[in-house]
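In: Generate a structure from the sequence data that follows.
(4 chains)
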Protein chains: 2
Amino acid sequence: MPQAAAYHHGDLRAACLRAARELLEEDGSAGLSLRAVARRAGVSPTAPYRHFADRDALVSAVAAEGYRELTNELATAHPSPSTPEELAAVAVAYVRFALDHPALFRAMFAEPCDPKSEERVAATAVISEYVQGIVRAAFPGSDAGALATAVWALVHGLAFLHLDGKLDASTPEIVAAQVRTTVNALFTTAPGLTTAPEAR
Amino acid sequence: MPQAAAYHHGDLRAACLRAARELLEEDGSAGLSLRAVARRAGVSPTAPYRHFADRDALVSAVAAEGYRELTNELATAHPSPSTPEELAAVAVAYVRFALDHPALFRAMFAEPCDPKSEERVAATAVISEYVQGIVRAAFPGSDAGALATAVWALVHGLAFLHLDGKLDASTPEIVAAQVRTTVNALFTTAPGLTTAPEAR
DNA sequence: CCTACAATGTGTGCACCGCTCACATTAGAG
DNA sequence: CTCTAATGTGAGCGGTGCACACATTGTAGG
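Out: Just a heads-up that it's a prediction; the model follows:
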């Protein structure tokens, strides 16, 4: 049994992130409060402020963690996709991640993203370049930036529409089939996407 | 000058919705509190509870209003689009709406959507069928349901990625061009989209 | 080894929030 | 004209984010 109630926690930051993840899964974004996190970590209500400037900093950290997990999931779906089918598998993994971790996914794409956490913008840049890299490998001739944007938007939109109950998400198979056909449809037109404007 | 400080407001519900919209535009979703709405409407902190069961009911009502405005904007962009170009114009209007009213747009697609406000689900059903109707008219031979889902997801995803600063939204023209080329790319493949599974 | 300091956790307190409940006022039906 | 139901008021409870002064402790320099 670990020495109970040491004054210094040891790794409170990590404990807070873990507690925040749990609260997010259990009660959704509304249940994620600094105080609840502190309670769950067995620590005074203001202790987390030594590790996170404010609530936004906490959720940004959680979101950054989410981005890393998402990239892992995508890589697991297929390490280096090149055919449209392999790319579709990655797209399915993206939507599955959103449906498996709805509150986390929402936190990743919520309001205070733009001027905030360095860690967070870095994590989103990683995934953006990841998608672009995949598309570049799969469609060497095309405007990879524009095509990557298109496929990311399509998959991202599918994820959100499923999350909001606008589409039939009753079984994972139905969702997967839906994503596959839609993405495949977009890719059959890839060569035509060479006149697109700037996209960063 | 209207008779000041009548005990009964007259149309507090509408005043609350108006105040909520203003707060949403000014301070984002975080600034939208029942109490702030009451203050702005010049009424006691608990008065709004006579018209909205709780905070969620308020934002659901605001969201429903947003859906109606969005459908109006789309219809204004083009009353009955049939060519891909006209459809692209509608898509551009969709993304513009999101960028013009970011907090409202986010409220429209936020967590408590599924089992809630009758008014809200009705409003989303309207826009869903609207998109489907357009696609059916434009591409009579295709699986309108699947294609509508694809284009809605694509446009919805573009809107969110722009909102989150993941794409270049520096000028409306750049955004519009981006949306147009992406949507056009999808539409050139429309006839191929006839084997899609169920999508409601 | 011991001491001073910086890092980390505690406690108090303020303003605000959502929401409940008892009460005041008033519009409008009978 | 009255009486009831709709509407607005006020006090109050528990929760929240956050700022502040304070307590504790790991650790680096003497």
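In: Compute the distance between the nearest residue to A:Leu158 once chain neighbours are set aside and A:Ala77, please.
Out: In space, and not counting its chain neighbours, A:Leu158 is closest to B:Ala153: 4.3 Å by C-beta to C-beta, 6 or more residues apart in numbering or on different chains. The C-beta positions use only the backbone N, C-alpha and C, and glycine is treated the same way. The gap separating B:Ala153 from A:Ala77 is 19 Å, by C-beta to C-beta, to the nearest Å.
In: Could you check which of these two has the larger neighbour count?
Out: Between B:Ala153 and A:Ala77, counted using other C-beta atoms under 10 Å in any protein chain shown, the more crowded position is B:Ala153 (27 against 19).
In: Quick check: pLDDT value at that one.
Out: As summarised for this prediction, B:Ala153 has a pLDDT of 94.
In: And for A:Lys116?
Out: For A:Lys116, the model assigns a pLDDT of 63.
In: again with A:Thr149
Out: A:Thr149 is assigned a predicted lDDT (pLDDT) of 86.
In: Helix or strand: which one has it?
Out: Counting by DSSP states H and E, the element that carries A:Thr149 is helix A:144-163.
In: With adjacent residues omitted, what lies nearest to the residue nearest the centre of chain A?
Out: By C-alpha atoms, centre = their mean, chain A has its centre lying nearest to A:Tyr67, at 4.3 Å. Leaving aside its sequence neighbours, A:Tyr67 sits nearest to A:Ala123 (C-beta to C-beta, 6+ apart; 3.5 Å).
In: Remind me what the helix or strand containing A:Ala177 packs against, helices and strands.
Out: If you go by DSSP H and E, A:Ala177 is part of helix A:172-187. On a contact count with 3 or more C-beta pairs under 8 Å, 6 or more residues apart in numbering or on different chains; DSSP states H and E, helix A:172-187 meets helix A:84-100, helix A:144-163, helix B:144-163, helix B:172-187.
In: Give me the three-state assignment for A:Gln132.
Out: State at A:Gln132, reduced to three classes by DSSP: H, G, I helix; E, B strand; the rest coil: helix.
In: neighbours around the residue nearest to it when sequence neighbours are not counted, how many?
Out: Take A:Gln132 and drop its neighbours on the chain: the residue closest to it by C-beta to C-beta, 6+ apart is A:Ala148, 4.2 Å away. Per other C-beta under 10 Å, the neighbour tally for A:Ala148 reads 23.
In: quick revisit: residue contacts, the residue nearest to A:Tyr67?
Out: Shown in contact with A:Ala123 (C-beta atoms under 8 Å, 6 or more residues apart in numbering or on different chains): A:Ala63, A:Ala64, A:Tyr67, A:Arg68.
In: A:Ser29 now?
Out: Contacts for A:Ser29 (C-beta under 8 Å, 6+ apart) come out as A:Ala103, A:Arg106, A:Ala107, A:Ala110, B:Glu111.
In: Narrow those residues to those that are buried.
Out: When the contacts of A:Ser29 are checked for burial by 16 or more other C-beta atoms under 10 Å in any protein chain shown, the buried set is A:Ala103, A:Arg106, A:Ala107, A:Ala110, B:Glu111.
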